[in-house]
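Asker: Fold the following for me, if possible:
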Amino acid sequence: MNRRKAREQAFILVFERSINHSPVSEIIDNAETSDDVRIDEFAERLAGGAERNEAAIDGTIGKYIRGWTLSRLSKVSLALLRLALYEMKFEPDIPVSVSINEAVTLAGKYGSADDAPFVNGVLGSAAKEMGEKDA
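Answerer: Predicted coordinates for the structure are as follows:
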């Protein structure tokens, strides 16, 4: 499985966690047992990392969603922001521009018309503050 498809799996795991609040490991176990699905190792690493660092990531999201609260964000946007910011902050081998591009692409596929530009704006602001030149 390529990284794009694995990242999509990771998004689905983070999205499901935002709905039912189960640990990612439990969501993976249930998916692999009941649906005869295999979760990619990269997807598992990203989703697990987003879960372990959720408080710090949510703090970062809160800085860039002026006039909004986390509870008002669409579940798609919130899951994608958590996943992309995890990559941007904790996965140094993944270029920031790739994290942003992949999140925006997934927002276009799974979200409303407003999700992709919103996700792009929040991640772009975060990248600028992090000092990334390629964002």
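Asker: Quick test: name the residue nearest the centre of the chain.
Answerer: Note on the chain: the residue nearest the mean C-alpha position is residue 83, at 2.0 Å, using CA atoms, centre = their mean.
Asker: lowest confidence element among the helices and strands of the protein?
Answerer: None of the helices or strands of the chain scores lower by mean pLDDT, DSSP states H and E than helix 24-34, at a mean of 88.
Asker: So for residue 13, what's the pLDDT?
Answerer: On pLDDT, residue 13 comes in at 96.
Asker: Okay, the residue lying closest to it once chain neighbours are set aside and residue 116: tell me how far apart.
Answerer: Leaving aside its chain neighbours, residue 13 sits nearest to residue 47 (3.8 Å; criterion: CB to CB, 6 or more residues apart in numbering). Any C-beta I mention is one placed from the backbone N, CA and C, and that applies to glycine too. Note on residue 47: its distance to residue 116, by CB to CB, to the nearest Å, is 21 Å.
Asker: buried stuff in whichever strand or helix holds residue 99?
Answerer: Per DSSP states H and E, residue 99 falls inside helix 96-110. Buried residues in helix 96-110, defined by neighbour count with 16 or more other CB atoms under 10 Å: 96, 98-100, 102-107, 110.
Asker: Now distance to residue 3 and pLDDT too, for the residues you listed, in CSV please.
Answerer: As requested, the buried residues of helix 96-110 are exported to CSV (distance: CB to CB, whole Å; pLDDT from 0 to 100):
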residue, distance to residue 3, pLDDT
96, 15, 95
98, 9, 96
99, 11, 97
100, 15, 97
102, 8, 97
103, 13, 98
104, 16, 97
105, 12, 97
106, 13, 97
107, 17, 97
110, 17, 97
